[in-house]
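**Student:** Fold the following, please.
(2 chains)
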Protein chains: 2
Amino acid sequence: MEQHYSIGEIAKITNISVQTLRYYDQIGLFKPSYVDRKTNYRYYKDSQLYYLDIIKSLKYLGTSLDKIKEAQQFTPAQLLTFLEQQESVIEEQINRLVEIQQSLFKSKKQMQEQIAITVFNEVYEKEEDAFRILTIAPERLNASYIPNSYYSSLLKTLEIENTTISSRYGCMYKYAAYEKIEDIMYDHLFTPLLTDRYITNLTPEMDVQTTPKGRYICIAFKFTAPTYLEQYQKLRHYIEENKLSVIPIVYEIFMPTNYAPNETDEFIVELKVKVNIPH
Amino acid sequence: MEQHYSIGEIAKITNISVQTLRYYDQIGLFKPSYVDRKTNYRYYKDSQLYYLDIIKSLKYLGTSLDKIKEAQQFTPAQLLTFLEQQESVIEEQINRLVEIQQSLFKSKKQMQEQIAITVFNEVYEKEEDAFRILTIAPERLNASYIPNSYYSSLLKTLEIENTTISSRYGCMYKYAAYEKIEDIMYDHLFTPLLTDRYITNLTPEMDVQTTPKGRYICIAFKFTAPTYLEQYQKLRHYIEENKLSVIPIVYEIFMPTNYAPNETDEFIVELKVKVNIPH
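**Tutor:** This is a model prediction of the structure:
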């Protein structure tokens, strides 16, 4: 004789909670074979257990309850097709996570570099790896004030690609003698790319560049517009005094020191110029 | 002068919907810098946009809103620690998906094998790969009726391991001359393992075995208790008539032909015996 089980017994045998079993009944995914009219108790027969295992195994494979309900009507050939589709879904999810992993690795590196800056208002030298940046050429913009909305358009491009955005920004300008901050005109604003992906959908003002690997002359300081030029001049003075040959581009990176939107903005700025390798 | 934006403008610049921005305000994640007392309109300043980018980038890295709110109070060093933790979280998610991928591959193979059975009630030969099975030794159980609850205990073991369960079952018994179905006593019930993982937490009755790769003599039929023995005897007759040397174990696999719990159960049974390779 085939055995019958109460909902509590089924819950115990299958490790599925009574609430879940009731819910499966409600949505028509798995119904008891018999309901007692008087007591409203649900009874399940032993041979039904098998179908609960099918539900479990599809659930494990990442299938939604709606889709499982659909799959219950499948023939074996249709189920095979479904499993093939599910393979693509899982593959896409893995690819996405692998990209997040890559982005985390690069974000970590950025944070490590920021934390490694211990000298402020003084020139130092350091080795830097190459990194890919997404740039935008602004219209007549000087160092005294950068509207954040420029960066928003860079981020929009990255969001269309569905890739990670960096919460770090920078800009580039010509290495030269400046009299006042308003004379420093930005050639490019940029954000570091946290992905190795090929970026499409660039607007005409945008470009993907790679900053050169090598030795940089740097200075870091807490950003305020009035002291900016003074810090820049320290950097320039050091380069001239040491008769260094440099690539005439200044990279300016700004890094937040707090992440709460309602505190006072405080940014560390690092200016860096790459030393030319002698032939 | 720093620019101010309405909520609609911010939505446009950042690609975040007005509803989401209102929600971020409600939960204290990102508040407008100024709210007009009369109109209740929210205004944001340009320099705030940066903090929205931080929220976005953490969200992309798989961080919950609660956790982002916590991260807003972090120092750069704490944020680095958080990114390291997030790396482990993502790694675990990838490992899990890779195991699902493996299980999907094996499930697909099972379905393909089932679909490949086109001959019924007649003996055929086929090559089979080895596969790992999780077995349980039942107490005095014969082929006329198998309670599903035996399989539930196999599944529980797999669920503790948090691995995929197969919705396919089988059993093993001695290859011998039987007079009636009640004489066939199962040595083991089993479920194929869809994972390559090492399985711990076995009860004393359980074991992990590997079925041998090689040539099998098989017969498939729609399961009914009355015809079972007749089909078995066809298989035995074929083996004896062809004077085949076989490993004296019968593998019985049952496969559902529909997945809906409320239809009549219909299973295909395949019996198979492995041919010995001559020395």
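**Student:** use CA for all of it now, contacts and neighbours both
**Tutor:** Fine.
**Student:** of all the residues in the stretch 101-250 of chain A, which ones are close to chain B?
**Tutor:** A:101, A:103-105, A:107-108, A:111-112, A:114-115, A:147-149, A:152-153, A:156, A:163-167 (CA under 8 Å from any CA of the partner chain).
**Student:** Mark which of those are buried, thanks.
**Tutor:** A:101, A:103-104, A:107-108, A:111, A:114, A:148-149, A:152-153, A:163-167 (16 or more other CA atoms under 10 Å in any protein chain shown).
**Student:** Could you say whether the residue nearest to A:Gln48 when sequence neighbours are not counted sits in a helix, a strand or coil?
**Tutor:** Closest residue in space to A:Gln48, ignoring its immediate chain neighbours: B:Pro261 at 6.3 Å, by CA to CA, 6 or more residues apart in numbering or on different chains. Of the three states, B:Pro261 takes coil under DSSP: H, G, I helix; E, B strand; the rest coil.
**Student:** any idea where the strands of the stretch 51-200 of chain A begin and end?
**Tutor:** Taking DSSP state E, counting those that start in this stretch as the test, the strands found in the stretch 51-200 of chain A are A:123-128, A:131-136, A:169-174, A:188-192.
**Student:** Tell me which of the ones you listed is the most buried.
**Tutor:** Compared across those, strand A:188-192 shows the largest average neighbour count, a mean of 23 (mean count of other CA atoms under 10 Å in any protein chain shown).
**Student:** Against which helices or strands is the helix or strand of chain A with the lowest mean pLDDT packed?
**Tutor:** When each helix and strand of chain A is scored by mean pLDDT, DSSP states H and E, helix A:149-160 comes last, with a mean of 83. Under the contact definition 3 or more CA pairs under 8 Å, 6 or more residues apart in numbering or on different chains; DSSP states H and E, helix A:149-160 sits against strand A:131-136, strand A:188-192, helix B:7-14.
**Student:** Adding distance to B:Asp46 and mean pLDDT, write the ones you listed out as JSON lines.
**Tutor:** Supplementary listing: the helices and strands packed on helix A:149-160 in JSON lines, determined by distance: least, CA to CA, whole Å; pLDDT from 0 to 100:
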{"stretch": "strand A:131-136", "distance to B:Asp46": "18", "mean pLDDT": "93"}
{"stretch": "strand A:188-192", "distance to B:Asp46": "16", "mean pLDDT": "93"}
{"stretch": "helix B:7-14", "distance to B:Asp46": "9", "mean pLDDT": "90"}
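**Student:** Phi and psi next, for the residue nearest the centre of chain A.
**Tutor:** By CA atoms, centre = their mean, chain A has its centre lying nearest to A:Thr164, at 3.1 Å. Note on A:Thr164: its backbone torsions stand at phi -70, psi 140 [degrees, to the nearest 10].
**Student:** quick one: contacts for it?
**Tutor:** Shown in contact with A:Thr164 (CA atoms under 8 Å, 6 or more residues apart in numbering or on different chains): A:100, A:103, A:158, A:194-195, B:57, B:60-61.
**Student:** let's see 7 Å
**Tutor:** Residues in contact with A:Thr164 (CA atoms under 7 Å, 6 or more residues apart in numbering or on different chains) are A:103, A:194-195, B:57, B:60.
**Student:** for those, which one is nearest B:Arg42?
**Tutor:** B:Ser57 (23.5 Å; CA to CA).
**Student:** Number of residues surrounding the closest one?
**Tutor:** If you count neighbours by other CA atoms under 10 Å in any protein chain shown, B:Ser57 ends up with 21.
**Student:** before we move on, what about A:Tyr186?
**Tutor:** 20.
**Student:** That one reaches A:Tyr173, doesn't it?
**Tutor:** Yes - with contacts counted by CA atoms under 7 Å, A:Tyr186 reaches A:Tyr173, the gap being 4.8 Å.
**Student:** part of a strand, is A:Ile217?
**Tutor:** Yes - under three-state DSSP, A:Ile217 falls within a strand.
**Student:** Mind pulling the model confidence for the residue nearest to it when sequence neighbours are not counted?
**Tutor:** In space, and not counting its chain neighbours, A:Ile217 is closest to A:Glu125: 4.6 Å by CA to CA, 6+ apart. Looking at A:Glu125, its pLDDT is 95.
**Student:** Using CSV, write out the CA atom coordinates for stretch A:148-165.
**Tutor:** Output of stretch A:148-165 as CSV, limited to C-alpha atoms (Å, rounded to 0.1, in the frame of the first residue of the first chain):
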residue,chain,number,x,y,z
ASN,A,148,30.8,67.3,-11.7
SER,A,149,28.3,67.0,-14.5
TYR,A,150,31.2,66.5,-16.9
TYR,A,151,32.0,63.3,-15.2
SER,A,152,28.4,62.2,-15.3
SER,A,153,28.6,62.1,-19.0
LEU,A,154,31.6,59.8,-18.8
LEU,A,155,29.7,57.6,-16.4
LYS,A,156,26.7,57.5,-18.6
THR,A,157,28.8,56.0,-21.4
LEU,A,158,30.1,53.3,-19.0
GLU,A,159,26.6,52.6,-17.7
ILE,A,160,25.4,52.0,-21.3
GLU,A,161,28.2,49.4,-21.4
ASN,A,162,26.9,48.0,-18.2
THR,A,163,30.3,48.0,-16.7
THR,A,164,31.7,49.3,-13.3
ILE,A,165,32.2,53.0,-12.8
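**Student:** roughly how far is that stretch from the heart of the chain?
**Tutor:** Here stretch A:148-165 is found 11 Å from its chain centre; the criterion is CA atoms, centre = their mean, to the nearest Å.
**Student:** again with stretch A:53-61
**Tutor:** 31 Å.
**Student:** With distance to A:Glu252 added, can I get the contacts of A:Thr164 in TSV?
**Tutor:** Converted to TSV, the contacts of A:Thr164 look like this (distance: CA to CA, whole Å):
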residue	distance to A:Glu252
A:Ser103	22
A:Leu194	18
A:Thr195	21
B:Ser57	21
B:Tyr60	25
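**Student:** Can you tell me which of the residues you listed lies closest to B:Pro32?
**Tutor:** The nearest member of the contacts of A:Thr164 to B:Pro32, counting by CA to CA, is B:Ser57 at 19.6 Å.
**Student:** and that closest one, what does it touch?
**Tutor:** Taking CA under 7 Å, 6+ apart, one finds A:164-167 in contact with B:Ser57.
**Student:** now it: how far from B:Cys218?
**Tutor:** Separation of B:Ser57 from B:Cys218 (CA to CA, to the nearest Å) stands at 57 Å.
**Student:** cool, A:Tyr50 as well?
**Tutor:** 24 Å.
**Student:** and the two? which has more neighbours close in?
**Tutor:** B:Cys218 (24 against 21).
**Student:** in the stretch 51-200 of chain A, which spans are helices?
**Tutor:** Assigned by DSSP state H, counting those that start in this stretch, the stretch 51-200 of chain A shows helices spanning A:65-71, A:76-116, A:149-160.
**Student:** What residue spans form the domains of chain A?
**Tutor:** A:4-73, A:117-275 (automatic domain parsing).
**Student:** Now the terminal residues of the longest one, how far apart.
**Tutor:** Yep, that's domain A:117-275 we're talking about. 19 Å.
**Student:** now swap in the first one and tell me
**Tutor:** Across its full length, domain A:4-73 reaches 25 Å end to end, with CA to CA as the criterion.
**Student:** what sits against A:Asn201?
**Tutor:** Shown in contact with A:Asn201 (CA under 7 Å, 6+ apart): A:Thr157.
**Student:** ah, wrong one, I meant A:Tyr178
**Tutor:** A:Ile184.
**Student:** Over to it: give its phi and psi.
**Tutor:** Here A:Tyr178 shows phi and psi, under degrees, to the nearest 10, equal to phi -120, psi 140.
**Student:** in what helix or strand does A:Arg236 lie?
**Tutor:** Using DSSP states H and E, A:Arg236 sits within helix A:225-241.
**Student:** next SSE after that helix?
**Tutor:** strand A:249-256.
**Student:** Which secondary structure elements does that following strand sit against?
**Tutor:** Here strand A:249-256 touches strand A:169-174, strand A:267-274, going by 3 or more CA pairs under 7 Å, 6 or more residues apart in numbering or on different chains; DSSP states H and E.
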